[in-house]
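**Q** this is the structure alone, sequence omitted:
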């Protein structure tokens, strides 16, 4: 439930939202996403969190990050860290949970409603803390993928759960074909080594 006069802020866990949309077979049109939530209330801020591979000549997410930055999103990025796992595979980690949490707590006194685009169960304590400050929290993710992309405890804690698939007609577009034939590894969140 949204009210036209409430002050809204969007907090987008980039890698989590990307994975959820991909599991449902569509890409997010961020211009339409921003417009949809401007329609639902007084949108004060739209934050987008992602880690970037700084040492690659071409980062597949760089054009999106640049576009978002110039089109009304507050970008929060940090360098991703590369490491070799126990099987000798190259892995990338870039967890943005702390940055998102700090920003949400700082903005809480200035908003009525926060929309969190993530299914990560680590955010359950954040949602609880925001609610204790009088902020309503909606969580956008999906239970329709196999396995579901939202942690049950996060869905239960939220004031409102928005099924991402139900936004597909409003904020979605068909997935693009990759520009380069090489396979690009997605940034993955892992526990600290």
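**A** Cool, got the structure. Quick caveat, the model's predicted, so the values are computed rather than measured.

**Q** the lengthiest strand in the chain pairs with which strands?
**A** Longest among the strand segments of the chain by residue count, using DSSP state E, is strand 42-52. Taking DSSP bridges as the criterion, strand 42-52 pairs within the sheet with strand 7-13 (parallel), strand 74-79 (parallel).

**Q** list the buried residues in the following helix or strand past the first one.
**A** From strand 7-13 onward toward the C-terminus, using DSSP states H and E, the following helix or strand is helix 14-23. Applying a neighbour-count criterion of 16 or more other CB atoms under 10 Å, the buried positions in helix 14-23 are 14-21, 23. C-beta: built from backbone N, CA, C; applies to glycine.

**Q** okay, angle between the longest strand of the chain and helix 14-23 too, please.
**A** Interaxial angle of strand 42-52 relative to helix 14-23 (axes from the mean of the first three to the mean of the last three CA atoms, to 10 degrees): 90 degrees.

**Q** got the buried residues for strand 42-52?
**A** Neighbour-count burial for strand 42-52, counted by 16+ other CB under 10 Å, picks out 42-43, 45-52.

**Q** mind putting those in CSV, pLDDT and distance to residue 34 included?
**A** Supplementary listing: those in CSV, determined by pLDDT from 0 to 100; distance: CB to CB, whole Å:
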residue, pLDDT, distance to residue 34
42, 97, 13
43, 97, 7
45, 97, 11
46, 98, 6
47, 98, 12
48, 97, 10
49, 97, 16
50, 93, 16
51, 89, 22
52, 86, 21
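
**Q** now do the helix or strand of the chain with the lowest mean pLDDT: distance to the chain's middle.
**A** Within the chain, judged by mean pLDDT, DSSP states H and E, the helix or strand with the poorest mean is strand 90-93; its value is a mean of 78. With CA atoms, centre = their mean, to the nearest Å as the basis, strand 90-93 stands 19 Å off its chain's centre.

**Q** buried ones in it?
**A** Across strand 90-93, burial judged by 16+ other CB under 10 Å covers 91-93.
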